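Asks: Please find the sequence and the predicted model below.
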There are 2 protein chains.
Amino acid sequence: MLDRLEKIVGPANLVKGADLVKWSRDWTGVYTWTPLAVARPGSTDEVAAILRLANDTGTAVVPVSGNTGLAGGTKAEGAIMLSLDRMNRIREVRPAARIAIVEAGVILSSLHEAADTHDLIFPLTFGARGSAMVGGFLSTNAGGSNVLRYGNTRDLCLGLEVVLPTGEVMDLMSELHKDNSGYNLKHLMIGAEGTLGIITAAVLKLAPKPRAYATAMVAAPSLDQALILLNRLQEATGGGVEAFEFMPRSYIEGHLEKFPGAKPPFEAMHDVNILVEVGATAPRDCTPGPDGRVPVSVHLEEVLEGMFEEGMILDAVVAQSHAQRAEMWQRREAAAEIALTRRPIVNNDVAVPLDKVSVFLSRIHDRLTVLDKGAKELTVSHLGDGNVHYTVWPVSQDPAVHDAIMEAVEDVVLDLGGSFSAEHGIGMSKLPSMARRKNKVALAAMRAIKGALDPKGILNPGKVLPG
Amino acid sequence: MLDRLEKIVGPANLVKGADLVKWSRDWTGVYTWTPLAVARPGSTDEVAAILRLANDTGTAVVPVSGNTGLAGGTKAEGAIMLSLDRMNRIREVRPAARIAIVEAGVILSSLHEAADTHDLIFPLTFGARGSAMVGGFLSTNAGGSNVLRYGNTRDLCLGLEVVLPTGEVMDLMSELHKDNSGYNLKHLMIGAEGTLGIITAAVLKLAPKPRAYATAMVAAPSLDQALILLNRLQEATGGGVEAFEFMPRSYIEGHLEKFPGAKPPFEAMHDVNILVEVGATAPRDCTPGPDGRVPVSVHLEEVLEGMFEEGMILDAVVAQSHAQRAEMWQRREAAAEIALTRRPIVNNDVAVPLDKVSVFLSRIHDRLTVLDKGAKELTVSHLGDGNVHYTVWPVSQDPAVHDAIMEAVEDVVLDLGGSFSAEHGIGMSKLPSMARRKNKVALAAMRAIKGALDPKGILNPGKVLPG
C-alpha cells in the first residue's frame, strides 16, 4: 500500500514511520491515533488516484485540513490521512464578479489577504484562521463571528470540485447565483465532514470590504437588554451589525487568568459583556463629518448613549484605534485556548433561539450543580445567532458523569427548540448525541445516502453517523 | 386503489372521473395528461398514509402545488396527483424571531399579506404569486425578482417537514440559523421537484419591510452601461438594490401588442430598458427631508442624474406614486403571459455571469437565424443575477428544429460558464439538456441518491433525472 501511494504522490509527499508523530493528534489533544501514512497529493488527479486505490482495497481515508476542528473529525487510526496542504493555489480572484477560485489547501488567512488587495473580504472568520483551510471549513460548514451578517460557510460558496469515494471527479464549479439543474449536491457535500467526498477546489463569494468599522465593548444588565441593543443597532444601521458576541463575567475572569498581561474590558466587572461591531460600505456611512467622526460610529454612539440614559446599558467603550479594536477581538478569539487549559473537558457547541440563551444558561447551570457539584463552566456565545459555546470542566473523572452532563445539555437545548451541534459539527465527539437526539428518519436517510455514494464506507469512517 | 385513497382523505377530497379535467394540464398548456385521481389530504398523517399505500403498490405519485411551473414538472399520466391545497394554514408568524411557520398549501400572496401585518416581508416574489404555493416554490427552489437582494428560495428557508417515499415523516423543522448535525437534507429536498419527498410544512425567514422604495425605468445605451448603473447604485446604497430587470425593445413591443391599453415606458423606444428598485429600512434612508423627498429616492436620482450628464443613460422615469410603481411592475410581470401567446414555443431559462448577458444574446441570435430564419425572440432578464428568460417562437413546426434551438442555447450558455436551467428547474422540458450537459458524475450521484431514498421510484417519476 505504501509503495502504491508513494507512486502516486512521490516519495517526498508520503509521510510515514516516525514522521507521523505530528499527524497523530488533533489540536485539542483529546484525540490521538496512529495513521497508516499521510499522503499529500499535488493535484485533483492524484486525489482521484488515491481514492481509487483506497476504494479498490477497502482502505479507510481520512481527510485532514488545518486540523483545528474541535469534534475529533480527523481521528485516523490505521487510515490513510489525506492532506491537501500542497494544493494551496488561489487560482483567480475576480473582483468585478466578487469571486475567488481556490484550491482546498488554501489557508483562510491567505484568502483574507488576497481579497483585501482588491478591497474585498471573504467574510468567514474565526480564531483558527491562520491554520484552517478551504477544504476543512467547507467540509465542516464552519461558522464563526460574522455569520449574523454574511451567513454560514455554505452561504459563501458558489461552486465545488469534489472527488467521490470511487475516485470520480464531480465538477460543480459554478460561478452562478442561480442554477436549478437537479439535486443540490454542493450543499450535500458542504458540512458532510469528508464522509461523502473530498473537496478539492471551490468558487467562493467575496463581499465589499467595509470602509469603516465601529467596534465597542458594552456591559448590559441582562441578556434581554443586550438583545434590545442588537435590535436597535440593526434598525439604526439597516442591518449593518457584523458581530454580536457575548462573554459572561466568568469568561473575562478566565481570560485574565490565562493571559496575565491582558486588561479587563471595564474598570468594574460585569455579568454581561458584549463585543459589538458594525461595518459600513456606503460612502454616506464612511465619510468623516466636519467633527472628524465617521457616521457609522456616530450611529453606534447614539444608540449606546440613548440606552445608557435609559439605564439599559451599564458601561461602554468604543474602540478609538485599530489597536483597541484588535484588543477587543483578541479577548474574544482566545476562547478555544482558554477552554483547553484544563482537563478533563466537556465541550458543547449548541444553538437555541436568540431569546432563549439566558434560559439555557440558567437551566443548565442548575442541572450541572446536581450532576457534578464543583464543576466549572466557561461560556462564550455568538449571541446574534443564538450559538453558545458551553464548556464544562468537571470535578468528576468518571466518563459516565461527563456523558450525563452532555445529555443534560441536550435535554435543555432540545426542550428550547435548539440544536446539539451548531457550528463545530459531529466528528466523533457528538456521535452519542446524534444517536440519541437526531430525528430517526433523517438519520436513516443520511445512512442511505452514505451507502449510495460510498458503498465500501472508506471515507472518514466512524464520523458523523453513529454506528 | 380509489377506494383506499377515499378511505384516507374522505370522498369529498378525492377528485376522479370527469372532475379531473381541470387537473389534466399545466398552466402553459404544453403538457396534458390524465391522472388516476387527485388526492387532497388534510394533514401530514394523510400524506404519509397515501405514500405508504403508493409505495406498497408501486403507484406513481405526482405532487401538484399552484401548477404554475413552466417545465412540465406536474405531468401525471395515470398517477395519483397529490394536492396539498387544503393544508393551507399559516401556523404562526413570530415577528421578533422573523419567521413564519407554514403548511405546504399556503399561497405565496397569502404569506405576503400575513407578513405585511407585522411590517415584515417574505421576500420571494414573482408573477404567479397569487397561485404558487409553499410546497411548490420550495420544491422548485423558485427564483423571481428579488434574488439579487435576498437570495433564492433555499436561502429563505430554515426548516422543513418532509414525507419520504416510504411514508416516514422527516422532521427538520428547525428555526435555527446554525445547525451542523449531519448532512444537509433540507437543501437536498429543496429544488428536488418532488422526486425525493413531499414537503408538508416549512419554517421560512421574514425580512424587515422596506419603509421606502425608489423605483425607476431607465433607458441605457447598452447592457454594459446598465451594469455600471447597477454597481454605482449598490455602492451608493450599501447594497440596497432589490431588483434590476432588463427588458429589450422587442419585449416592450410585445407587451404593447398583448395589452393594447398599456403605455410604453418612455416617449421614444429604446433597446435597453431597465426596471430598477431600491429598498430602504434604516430611518436615515426613509425619513423625508425638508423638501419632502425621501433620502433613498435622492440617492437613486443623484446616481441617475450623474450618469445622464455623462451620457451613460438615455432617459429615466422615477415612480412618483404607488400606481406608477405598480405599472412598472405589471409590465415586467406580464412576461409569462406574453411568452405563451404564440405556439409553438421554445422556452429557455438560463443563467450566465452578469457581464456575459449581452454576449449570450448576440451569439444566440446569430445561431437562431441560421437554424430557423424568421423565428422570433422574446427576452426578459433578471439582469442582476445573470438570469435570462429567452423564449423563441419558431417558424418551423419540426420538433427536431426546436430541439436544435435548445441545443444551440445550451452550447452558447455553457461556453460562457452558464447554466441551462437557472430558476425554472428541469421538470420534463429540460430532460434532454440534463442528459446532454450535466456533469456525468453529478448525474450518477443524483441517480444513486434517488435510488437510495425512493427505491421503487414512485415519486414524480420521469422528472429531473433523464431515463
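Replies: Now that the structure is in, tell me what you want to look at. What you see is a predicted model; the values in this text were computed from it and never measured. Numbering: from 1, shown residues only, chains lettered A, B, ... in the order given.

Asks: For stretch A:268-287, what is the spacing between the initial and final residues?
Replies: End-to-end distance for stretch A:268-287: 34 Å, by CA to CA, to the nearest Å.

Asks: Are it and chain B in contact anywhere?
Replies: Yes. Using CB under 8 Å from any CB of the partner chain, we find that stretch A:268-287 touches chain B at A:280-285. Yep, even glycine has a C-beta here, placed from its N, CA and C like the rest.

Asks: mean confidence for that stretch?
Replies: On average, the pLDDT along stretch A:268-287 is 93.

Asks: hey, where'd the strands end up in the stretch 151-300 of chain A?
Replies: Secondary structure of the stretch 151-300 of chain A (DSSP state E, counting those that start in this stretch): strands at A:157-163, A:169-172, A:198-205, A:207-208, A:212-220, A:241-248, A:272-280.

Asks: Can you lay out those as a markdown table showing mean neighbour count?
Replies: Output for these, formatted as a markdown table (neighbours: other CB atoms under 10 Å in any protein chain shown):
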| stretch | mean neighbour count |
| --- | --- |
| strand A:157-163 | 24 |
| strand A:169-172 | 20 |
| strand A:198-205 | 25 |
| strand A:207-208 | 18 |
| strand A:212-220 | 23 |
| strand A:241-248 | 23 |
| strand A:272-280 | 25 |
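
Asks: Rebuild those strands as CSV, extending it with distance to B:P41.
Replies: Shown next, in CSV, are these (distance: least, CB to CB, whole Å):
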stretch, distance to B:P41
strand A:157-163, 37
strand A:169-172, 36
strand A:198-205, 40
strand A:207-208, 44
strand A:212-220, 48
strand A:241-248, 43
strand A:272-280, 47
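
Asks: These: lowest mean pLDDT?
Replies: strand A:207-208 (a mean of 92).

Asks: what does that strand contact?
Replies: Outside strand A:207-208, the residues that touch it by CB atoms under 8 Å, 6 or more residues apart in numbering or on different chains are A:98, A:119-123, A:150, A:281, B:235, B:239.

Asks: Of these, grab the buried ones for ChimeraX.
Replies: A single ChimeraX command is used to select the members of the contacts of strand A:207-208 judged buried by 16 or more other CB atoms under 10 Å in any protein chain shown:
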select /A:98,120,121,122,123,150,281 /B:239
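
Asks: I'd like to know which of the contacts of strand A:207-208 are part of helices.
Replies: Assigned to helices by DSSP state H, the following of the contacts of strand A:207-208 qualify: A:150, B:235.

Asks: Of the contacts of strand A:207-208, just say which sits nearest to A:H365.
Replies: A:Y150 (32.1 Å; CB to CB).

Asks: if I read this right, the closest one contacts A:G143, doesn't it?
Replies: No. Between A:Y150 and A:G143 there is no contact under CB atoms under 8 Å: 10.8 Å.

Asks: Just the buried residues of the longest helix belonging to chain A, please?
Replies: The longest helix of chain A (DSSP H) is helix A:399-415. Buried residues in helix A:399-415, defined by neighbour count with 16+ other CB under 10 Å: A:401-402, A:404-414.

Asks: Output the set of residues of the stretch 201-350 of chain A in proximity to chain B.
Replies: Residues of the stretch 201-350 of chain A lying close to chain B by CB under 8 Å from any CB are A:208, A:235-240, A:280-285.

Asks: And for A:F308, the neighbour number?
Replies: When neighbours are defined as other CB atoms under 10 Å in any protein chain shown, A:F308 has 14 of them.

Asks: again but with A:G261, I slipped
Replies: The tally of other residues near A:G261 (other CB under 10 Å) stands at 5.

Asks: Equivalent analysis for A:G127, please.
Replies: Counted with other CB under 10 Å, residues neighbouring A:G127 total 18.

Asks: Rank the helices and strands of chain A by mean pLDDT and give me the bottom one.
Replies: helix A:283-286 (a mean of 86; mean pLDDT, DSSP states H and E).

Asks: Could I get the buried residue list for that one?
Replies: In helix A:283-286, counting by 16+ other CB under 10 Å, buried: A:285-286.

Asks: I would like the residues contacting it, please.
Replies: Contacts of helix A:283-286 (CB under 8 Å, 6+ apart): A:210-212, A:237, A:240, A:280, A:294-296, A:299, B:235-236, B:238.

Asks: interface residues of the stretch 51-200 of chain A facing chain B?
Replies: Residues of the stretch 51-200 of chain A lying near chain B (CB under 8 Å from any CB): A:96-97, A:140-141, A:143, A:147, A:152, A:154-155, A:164, A:168-172, A:174-185, A:187-188, A:190-192, A:196.

Asks: among these, which ones are buried?
Replies: Among these, the ones that count as buried by 16+ other CB under 10 Å are A:97, A:140-141, A:143, A:147, A:152, A:154-155, A:164, A:168-170, A:172, A:174-185, A:187-188, A:190-192, A:196.

Asks: hey, C-alpha coordinates of the least confident helix or strand of chain A in CSV?
Replies: Output in CSV follows, covering the C-alpha atoms of helix A:283-286 (Å, rounded to 0.1, in the frame of the first residue of the first chain):
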residue,chain,number,x,y,z
PRO,A,283,-19.9,56.4,1.3
ARG,A,284,-22.6,58.2,3.4
ASP,A,285,-21.8,55.9,6.4
CYS,A,286,-18.0,56.0,6.0
